[in-house]
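>>> pasted the sequence and its predicted model underneath.
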Amino acid sequence: MVVKNNNYCVVYISSATQLYSDIELQKLFEHSLVHNKINGVTGVLVYADGSVLQLLEGTEEVIKNLYHKISIDNRHNGLITLFEDTLPERCFNDWRMVCKPKDAALFSTFAAYNNPTQFSAVLETHPENSDAMILLKSFYSNNILRNFSAV
């Protein structure tokens, strides 16, 4: 009998080939939200002025297939895998996106969207008990919070 590991995790960073408008981010968000829910993928995508960090969690097969699709997606440049391993437990119960849109109202109807203030509160409840969370918190602090407080 094959036992599926539901706590497989990949964390990557990349640069978007172009800066995304709020409408483009909304479309990406809607598509990803549906796809990830259907496939049992949890985690977070953080987008900051063309820089991307995504933490993906799920079964090893699903995450490896999804990551392969991401790796050949022409919307990414310089994709770098920062972490790939099995976690004792998932970091997140759902999938969410964090960004700083110019028009936050476009995202206000999505429960899975977090503005920087909301996501800061979420991160405070997550201990740094894995390299994946340490990477996420570092990227978030250096790319979202620094720029958000400057606005």
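Yep, it's here.
>>> around the residue nearest to residue 87 when sequence neighbours are not counted, how many other residues sit close by?
Once flanking residues are discounted, residue 87 sits nearest to residue 7: 4.5 Å by C-beta to C-beta, 6 or more residues apart in numbering. Every C-beta, even on glycine, is put in place using the N, C-alpha and C of the backbone. Residues lying near residue 7 (other C-beta atoms under 10 Å) number 18.
>>> contact partners for residue 7?
Applying C-beta atoms under 8 Å, 6 or more residues apart in numbering to residue 7 gives the contacts 57, 86, 87, 88, 89, 90.
>>> out of those residues, who's the most crowded?
Ranked by neighbour count (other C-beta under 10 Å), those have residue 57 at the top, with 26 neighbours.
>>> number of nearby residues for residue 53?
Here the count is done by other C-beta under 10 Å, and residue 53 has 23 residues near it.
>>> start the count at 49, not 1, going forward
New numbering, starting at 49: the last item is residue 101.
>>> re the thing from before, in the contacts of residue 55, find the pair that's most separated.
Taking C-beta to C-beta as the measure, the contacts of residue 55 reach their widest spread between 105 and 136, a distance of 11.8 Å.
>>> and the strands in the protein?
56-64, 90-96, 99-106, 124-134, 143-146, 161-162 (DSSP state E).
>>> mean pLDDT for those strands: which is lowest?
Of all these, strand 161-162 carries the lowest average pLDDT, namely a mean of 84.
>>> now do that one: which elements does it pack against?
Packing partners of strand 161-162 (3 or more C-beta pairs under 8 Å, 6 or more residues apart in numbering; DSSP states H and E): strand 143-146.
>>> need the contact partners of the strand it packs on.
Identification of contacts with strand 143-146 by C-beta under 8 Å, 6+ apart yields 73, 77, 80-81, 84-85, 89-95, 160-164, 167, 170, 188, 192.
>>> ok, the residue nearest in space to the middle of the chain - contacts?
Closest to where the C-alpha atoms of the chain average out (C-alpha atoms, centre = their mean) is residue 93, at 1.8 Å. Residue 93 sits next to 80, 100, 101, 102, 143, 144, 145, 146 when contact means C-beta under 8 Å, 6+ apart.
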